[in-house]
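> what would the 3D arrangement of this be:
(one chain, ligands or ions: 2)
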Amino acid sequence: MSATGGSAPSHANEHRRSIGDPERFWGEAASGISWSRRWNRVLDDSGSPMFDWFPGAITNTCYNALDRHVENGRGDQTALIYDSPVTSTVRTYTYRELLDLVARCAGGLSGLGVTKGDRVVIYMPMVPEAVIAMLACSRIGAIHSVVFGGFAPRELATRIADARPKVIISASCGIEVNRVIPYKPLLDAAIDLSPWKPEHCVIFQRSQWEAPLTEGIDIDWSSLLTSEPAGCVQVNATDPLYILYTSGTTGVPKGVVRDNGGHLVAISWSMKQVYGMKPGEIFWAASDIGWVVGHSYIVYGPLVHGCTTVLYEGKSVGTPDPGAFWRVISEHKVNVLFTAPTAFRAIRREDPEGEYISKYDLSAFRMLFLAGERCDPETLSWAERMLRVPVIDHWWQTETGWAIGANCVGLGILPVKPGSCTKPVPGYDIRVLDEEGEELPAGKTGNIVIRLPLPPGCLTTLWEKDSDYRKTYLSRYPGYYLTSDAGFIDEDGYLWIMGRTDDIINVAGHRLSTGAMEEVLASHPDVAECAVTGVKDTVKGEVPIGLMVLKAGVNRDHRVIEQELILRVREKIGPIASFKVALITKRLPKTRSGKILRGTIKKIADGTEFRTPATIEDPAVLDELREQLSAAGFPRK
Ligand code: COA
Ligand code: AMP
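Ligands and ions are numbered 1, 2, ... in the order given. Predicted structure coming up:
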């Protein structure tokens with residue numbers, strides 16, 4: 001029986017209930033979580049537009065992810081499968097084993113003086129030690145801040161300076177397909193750049209490259225694990241669990257703060273109702289722990305829900321086997337896969353007829369979820385045809401931490417409309433507003449906003465920057481959270497997310513700021529002005545291109561300068577920016593008042609002739625782009 005007193009919970013009913021009486025709805029959902037003390041109220045709105053979920057409640061996230069499952073008989077169930085084609089490793093950890101390692105790591109961190117509320121930066125590749133480190137922090141109430149391994153030292157330094165960690169946990173190296181990337185030198189460079197210095201760095205030594213350690217400062221991960229296991233430290237539901245930095249509209253990243261209690265409730269509710277998962281089943285989020293998807297659905301969601309999670313160190317393609325994903329699904333009997341559309345575009349390019357799919361037994365596999373960028377209907381339909389399972393596009397952001405718009409399969413699957421991310425998820429009251437704040441009718445595109453309060457699990461603020469949080473997200477339309485996505489709701493109530501309204505672009509599902517890249521280009525001594533914009537790419541969805549005008553009198557070879565600029569973005573932001581196109585032009589398209597018309601650049605680059613089946617990294621495509629720009633009046637000098 002549902003709480004509505006009769007009919008089975010449907011998407012429509014649950015959504016109505018969640019908006020009509022959020023306290024009751026989320027209070028019921030909270031019964032799935034272990035609390036040491038119950039909340040005073042489900043929702044405290046006295047500080048509106050800032051809200052607290054479950055104030056007064058006391059809990060521990062690690063306890064909910066590990067200890068209680070061991071206590072309740074899941075000790076011998078596999079909690080984590082580490083599958084790493086780049087190191088030819090497959091290793092499993094039961095809940096009991098994972099708990100032991102996490103408790104020892106937590107004990108080691110306590111031994112280094114890390115206590116509740118201290119920050120710990122984690123800069124690691126996709127290894128189980130990264131998951132252990134995250135859970136160890138949550139065990140002792142320390143706030144982790146994971147930084148994606150593909151970011152350059154300068155980006156890492158900005159995050160270190162903002163989070164001010166007592167300890168940084170890293171690894172000697174990462175492995176990118178067939179290239180070893182020493183992480184420790186990048187970390188050292190970042191610490192040099194940062195005005196804040198950590199007391200210690202804990203380094204996980206990998207056999208592919210061992211890092212020299214500095215005595216007194218650097219600590220070997222393996223010695224940390226000889227520590228006595230630490231118990232769970234009780235924290236307030238409203239205390240921060242983690243900070244995750246994400247691209248903002250300037251070069252300064254935004255520190256999204258996630259609480260403990262609301263996050264636990266939302267994440268476990270979503271495992272059941274959005275993804276239709278049962279405890280004991282196997283969930284694979286093919287992302288990276290450095291992104292929000294990794295936090296929510298490699299680490300916390302599956303473990304809190306008592307599932308087995310897969311940690312995959314590799315690419316969807318590019319390994320010797322274009323069937324890499326199908327091998328993992330079949331070998332580990334994965335029930336549900338979650339990844340970005342870009343992974344499927346890459347697979348499709350390698351294996352358009354799905355020949356590799358048919359080589360594997362995918363009988364346990366029942367659903368594919370896609371998010372991180374707009375999914376083109378063609379890719380979605382291809383995946384449906386090849387896999388013969390429902391393919392569900394769903395929409396969310398680092399800020400929300402879980403889906404805003406989805407086909408909640410736990411509430412009964414709704415008909416799929418390719419290109420749409422189905423309906424607003426229970427908890428989210430979504431509206432589409434015009435520039436004046438008027439609500440738009442069905443089918444009309446506008447700014448997508450969420451009426452406050454946001455449901456549990458969403459960001460509570462930006463790290464130590466309440467006023468920036470209010471300014472960025474809450475001030476444009478008072479009473480609403482601004483998503484910075486544009487789109488519409490159709491006659492059937494389906495949500496269509498069409499693109500960002502700010503300078504954020506999505507490159508292979510990775511969120512990047514073109515403003516941050518422009519800052520890097522503008523810092524080159526020869527550049528007078530520049531513009532970076534995202535243009536279509538057949539695999540990565542979007543890739544950045546930069547157009548630069550040089551200062552008067554610069555006579556150096558333009559091709560050399562272009563290469564310097566490409567390298568500069570790679571060095572300052574990281575390879576993940578995929579910045580491979582820098583073109584020097586005579587002028588930039590501008591309005592009369594001098595505003596750069598980025599849309600015009602995009603239109604030229606996205607022009608039909610330019611849209612070939614190749615990606616923009618292909619030299620032939622690049623030459624075509626030069627010609628297109630030239631024809632449009634922006635030639636090289
Ligand atoms: N450390 C260091 N460098 C990294 C890195 C890391 N953790 N992750 C990526 N990079 C580098 C890559 O080696 C590449 O460098 P290159 O320019 O020298 O080739 C660059 O950053 C871009 O990486 P990526 O965007 O992953 O592109 P790719 O061409 O290597 O692979 C895909 C493209 C689609 C195959 C790959 O992105 C993929 O499998 N994606 C799956 C889903 C996903 O990642 N989702 C994220 C959000 S849900
Ligand atoms: P991130 O914070 O990295 O998760 O990126 C969030 C942004 O990615 C959103 O604001 C959207 O612009 C985009 N995005 C994520 N999922 C989708 C989706 N399913 N459809 C369209 N855009 C999406």
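> could you measure from the residue nearest to residue 332 when sequence neighbours are not counted over to ligand 1?
Once flanking residues are discounted, residue 332 sits nearest to residue 81: 5.3 Å by Cβ to Cβ, 6 or more residues apart in numbering. Heads up, the C-betas are built off the backbone N, CA and C, glycines and all. According to Cβ to the nearest ligand atom, to the nearest Å, residue 81 and ligand 1 sit 18 Å apart.
> partners of whichever strand or helix holds residue 81 in the sheet?
Here residue 81, judged by DSSP states H and E, is contained in strand 78-84. When pairing is defined by DSSP bridges, strand 78-84 lines up against strand 89-94 (antiparallel), strand 308-312 (parallel).
> who wins for proximity to ligand 1 among the ones you listed?
With Cβ to the nearest ligand atom as the criterion, ligand 1 lies closest to strand 308-312 of the strands paired with strand 78-84, at 9.3 Å.
> tell me if that closest one is near ligand 1.
No. Judged by Cβ under 6 Å from any ligand atom, strand 308-312 makes no contact with ligand 1; its nearest approach is 9.3 Å.
> averaged pLDDT, that strand. What do you get?
Mean pLDDT, computed over strand 308-312, is 98.
> now the residue nearest to residue 332, which residues is it bridged with?
Beta-bridge partners recorded for residue 81 (DSSP bridges): residue 92, residue 310.
> need the contact list for it.
The contact partners of residue 81, taken as Cβ atoms under 8 Å, 6 or more residues apart in numbering, are 90-92, 282, 308-311, 332.
> rewinding a little: dump the strand holding residue 81 to CSV, restricted to CA.
C-alpha atoms of strand 78-84 as CSV (Å, rounded to 0.1, in the frame of the first residue of the first chain):
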residue,chain,number,x,y,z
THR,A,78,30.7,-8.1,-2.9
ALA,A,79,30.6,-4.4,-2.3
LEU,A,80,33.1,-3.3,-4.9
ILE,A,81,34.4,-4.7,-8.2
TYR,A,82,37.6,-3.0,-9.4
ASP,A,83,37.9,-3.7,-13.1
SER,A,84,41.0,-2.1,-14.7
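> a markdown table for the strands paired with strand 78-84, including mean neighbour count and distance to ligand 2?
A markdown table is the format used below for the strands paired with strand 78-84 (neighbours: other Cβ atoms under 10 Å; distance: least, Cβ to the nearest ligand atom, whole Å):
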| stretch | mean neighbour count | distance to ligand 2 |
| --- | --- | --- |
| strand 89-94 | 16 | 27 |
| strand 308-312 | 24 | 19 |
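> make a markdown table from those and add distance to residue 369 to it.
Listed next are these as a markdown table, based on distance: least, Cβ to Cβ, whole Å:
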| stretch | distance to residue 369 |
| --- | --- |
| strand 89-94 | 23 |
| strand 308-312 | 14 |
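> tell me which of the ones you listed sits nearest to residue 247.
Judged by Cβ to Cβ, the one of the strands paired with strand 78-84 that comes nearest to residue 247 is strand 308-312, at 24.0 Å.
> from residue 487, how far off is the closest residue to ligand 2 within the stretch 101-250 of the chain?
Closest residue of the stretch 101-250 of the chain to ligand 2, Cβ to the nearest ligand atom: residue 246 (5.3 Å). Distance from residue 246 to residue 487, counting by Cβ to Cβ, to the nearest Å: 20 Å.
> neighbour-wise, which of those two wins?
Using other Cβ atoms under 10 Å as the criterion, residue 246 and residue 487 rank with residue 487 on top: 22 against 19.
> wait, that one touches residue 449, no?
No. Residue 487 lies out of contact with residue 449 (Cβ atoms under 8 Å); the separation is 11.0 Å.
> ok, now which ones touch residue 523?
Residue 523 neighbours (Cβ under 8 Å, 6+ apart): residue 568.
> check which residues of stretch 555-564 are buried.
The neighbour-count check on stretch 555-564 (16 or more other Cβ atoms under 10 Å) flags 558, 561-562 as buried.
> hmm, back to that, how about the residue nearest to the residue of the stretch 101-250 of the chain closest to ligand 2 when sequence neighbours are not counted, secondary structure?
Nearest non-adjacent residue to residue 246, counting by Cβ to Cβ, 6+ apart: residue 398, 4.0 Å away. Secondary structure assignment for residue 398 (DSSP: H, G, I helix; E, B strand; the rest coil): coil.
> so what does residue 398 have for phi and psi?
phi -50, psi -40 (degrees, to the nearest 10).
> same question, residue 52
The phi and psi values for residue 52, taken as degrees, to the nearest 10, are phi -120, psi 130.
> the closest residue to it other than its chain neighbours and ligand 2, how far apart?
Once flanking residues are discounted, residue 52 sits nearest to residue 44: 4.2 Å by Cβ to Cβ, 6+ apart. Separation of residue 44 from ligand 2 (Cβ to the nearest ligand atom): 26 Å.
> spell out which parts of this structure neighbour ligand 1.
Along the chain, the residues adjacent to ligand 1 under the rule Cβ under 6 Å from any ligand atom are 125, 149-150, 174, 176, 181, 286-287, 291, 293, 315-318, 339-340, 342-343, 346, 372, 508-510, 539, 575-576, 578.
> buried subset of those residues?
Judged by 16+ other Cβ under 10 Å, buried ones among the residues of the chain next to ligand 1: 125, 149-150, 174, 176, 181, 286-287, 291, 293, 315-318, 339-340, 342-343, 346, 372, 508-510, 539, 576, 578.
> which residues are in contact with both of residue 487 and residue 449?
Counting by Cβ under 8 Å, 6+ apart, the residues touching both residue 487 and residue 449 are residue 432.
> is it true that residue 49 touches residue 454?
No. Contact criterion Cβ under 8 Å: residue 49 and residue 454 do not qualify, at 9.8 Å.
> ok, the two, which is more surrounded?
Taking other Cβ under 10 Å, residue 49 and residue 454 do not tie; residue 454 has more neighbours (25 against 17).
> the residue of the chain most remote from its centre in helix, strand or coil?
Relative to the centre of the chain, the most outlying C-alpha is that of residue 553, 43.4 Å out, by Cα atoms, centre = their mean. Per three-state DSSP, the secondary structure class of residue 553 is coil.
> same question, residue 35
Once three-state DSSP is applied, residue 35 turns out coil.
> OK, contacts around it?
Listed by Cβ under 8 Å, 6+ apart, the contact set of residue 35 reads 57-59, 237, 261.
> residue 369 now?
With Cβ under 8 Å, 6+ apart, residue 369 has these contacts: 275, 336-339, 391-394.
> ok, which residues in the chain are in contact with ligand 2?
Going by Cβ under 6 Å from any ligand atom, the residues of the chain near ligand 2 are 246, 292, 371-375, 393-398, 421, 485, 497, 500, 506, 511.
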